[in-house]
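J.: Mind looking at a prediction? Sequence and model below.
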Amino acid sequence: MNTKVITVMTFVFIFAVSLRRATVFPEGDIFWGARNGIDILNHGLHIFQPDTWNLLTLGEEWSPNSWLWNVILGGAFLAFGNYGFLVVTLITNIAAFVFLWGYLQKLRMPPLAAFLVVI
């Protein structure tokens with residue numbers, strides 16, 4: 001098979017899978033992450049911050065463990081609304097697949113074998 005055909009097939013596959021994946025969120029509450037990210041964008045990152053959302057732990061200090069991802073989600077939500085989640089997920093999926101493809105090419109893996117690894 002022609003190397004260019006395999007490369008095009010790989011990137012079409014990457015886009016299709018990434019688009020499908022971008023419509024399904026495995027995280028149970030993506031809006032919580034976006035809200036935390038918006039709060040960080042508005043007030044800055046504090047390693048320990050008081051809980052203002054949960055009635056059971058109201059006022060207790062907690063530390064966001066994925067603050068950068070939450071900032072990305074919050075920024076995407078502010079920029080694009082609910083479609084921001086789709087945009088961020090699509091971009092991160094495509095980036096991961098392209099990184100893998102590039103790494104396999106750097107290892108000089110034949111294009112067909114690299115395609116099979118990617119899929």
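T.: Perfect, I can see it now. Note that the structure is predicted; figures quoted are calculated from it, not measured.

J.: can you confirm residue 108 is in a strand?
T.: No. Counting by DSSP: H, G, I helix; E, B strand; the rest coil, residue 108 is located in no strand; its state is coil.

J.: ok, it - contacts?
T.: With contact set as C-beta atoms under 8 Å, 6 or more residues apart in numbering, residue 108 has no partners. The C-beta positions use only the backbone N, C-alpha and C, and glycine is treated the same way.

J.: Would you mind giving both backbone torsions of it?
T.: Here is the backbone geometry of residue 108 (degrees, to the nearest 10): phi 60, psi 30.

J.: Give me the residue ranges of this structure where confidence is low.
T.: 1, 26 (pLDDT under 70).

J.: Please tell me how far residue 65 sits from residue 23.
T.: 26 Å (C-beta to C-beta, to the nearest Å).

J.: cool, residue 46 as well?
T.: Per C-beta to C-beta, residue 46 is found 34 Å from residue 23.

J.: and the gap between residue 92 and residue 49?
T.: Going from residue 92 to residue 49 by C-beta to C-beta gives 26 Å.

J.: which residues of this structure fall in helices?
T.: Assigned by DSSP state H, the chain shows helices spanning 3-21, 30-43, 67-80, 83-106, 111-118.

J.: Could you dump those helices into TSV and include distance to residue 56 and mean neighbour count?
T.: Formatted as TSV, the helices of the chain follow (distance: least, C-beta to C-beta, whole Å; neighbours: other C-beta atoms under 10 Å):
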stretch	distance to residue 56	mean neighbour count
helix 3-21	34	14
helix 30-43	15	17
helix 67-80	21	18
helix 83-106	27	15
helix 111-118	45	16
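
J.: Let's have those helices in a markdown table, adding distance to residue 55.
T.: Shown next, in a markdown table, are the helices of the chain (distance: least, C-beta to C-beta, whole Å):
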| stretch | distance to residue 55 |
| --- | --- |
| helix 3-21 | 34 |
| helix 30-43 | 15 |
| helix 67-80 | 21 |
| helix 83-106 | 26 |
| helix 111-118 | 46 |
